[in-house]
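Enquirer: Got a predicted structure here, sequence first:
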Amino acid sequence: MMPLDPVGALIEEMNLELMHLRQMAAVLEEEQRELVAGRTDRLDSLATEKVRQSRALELFAAGREALLRAQGYEGTFAGLAECADAAGARSRCLLDTWTELARAGIEARHLNEQNGALIGMRLASVDGRLAHLQVASGGARIYDADGRTRGEPARRELGQV
């Protein structure tokens, strides 16, 4: 069923999507602060929040596309531009909201890529340290990434009394 005010509904849907994109950026910024500081205790809860925000973003994007299609437009920027052309006085509001949405999406993507690079650097550092320990132990596999010995007969784990 088509809303009574399809352009207003589209603007509202896009504003909700924008709100969630900004919330996602805030979570990514917090994740970045934690990664830079070397703190890992909050990363699990931040990852959970990122998943929650991602799901919300998917729902709002699908809603935006459905509202465009219900008006006879493609669910793409081209369809939104056509809708804006026909929106009269609300054309500017529709395009401005889209512009903010696009900018927020670019910012969130950039933050996520930076965080991925930070995580990659941390993993490389851990891998390098493990390799150093293996060389220092004469090639014996004392440590693995999970802190366990691999490839040797079963015996008591290090630290087990």
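Expert: Received it, and whenever you're ready, just let me know what you need.
Enquirer: show me where this protein has helices.
Expert: Per DSSP state H, the chain carries helices over the ranges 6-37, 43-70, 77-86, 91-136.
Enquirer: And the shortest one, what does it pack against?
Expert: Under the contact criterion of 3 or more Cβ pairs under 8 Å, 6 or more residues apart in numbering; DSSP states H and E, helix 77-86 touches helix 43-70, helix 91-136. No exception for glycine: its C-beta is placed from N, CA and C like everyone else's.
Enquirer: P3: which of those is closest?
Expert: Closest approach to P3 among these (Cβ to Cβ): helix 43-70, 7.6 Å.
Enquirer: so which of the helices and strands packed on helix 77-86 is the most packed in?
Expert: Compared across these, helix 43-70 shows the largest average neighbour count, a mean of 15 (mean count of other Cβ atoms under 10 Å).
Enquirer: what inclination does it have with respect to helix 77-86?
Expert: Angle between the axes of helix 43-70 and helix 77-86 is 50 degrees (criterion: axes from the mean of the first three to the mean of the last three Cα atoms, to 10 degrees).
Enquirer: Output the below-cut-off pLDDT ranges for this structure.
Expert: Scanning the chain for pLDDT under 70 picks out the ranges 1-2, 125, 127, 139-161.
Enquirer: contacting residues around D5?
Expert: The contact partners of D5, taken as Cβ atoms under 8 Å, 6 or more residues apart in numbering, number zero.
Enquirer: Could you give the backbone dihedrals for it?
Expert: Torsion angles at D5 (phi, psi; degrees, to the nearest 10) stand at phi -120, psi 80.
Enquirer: Excluding chain neighbours, give the residue nearest to E82 in space.
Expert: Spatial nearest neighbour of E82, excluding adjacent residues (Cβ to Cβ, 6 or more residues apart in numbering): Y73 at 5.2 Å.
Enquirer: Ok, E65 next?
Expert: Excluding its sequence neighbours, the residue lying closest to E65 (Cβ to Cβ, 6+ apart) is G75, at 2.9 Å.
Enquirer: same thing with R42?
Expert: E34 (5.4 Å).
Enquirer: okay, now the one you found: neighbour count?
Expert: Neighbours of E34 under the rule other Cβ atoms under 10 Å: 17.
Enquirer: Now do the contacts for it.
Expert: Neighbours of E34 in contact, by Cβ under 8 Å, 6+ apart: 40, 42-43, 46.
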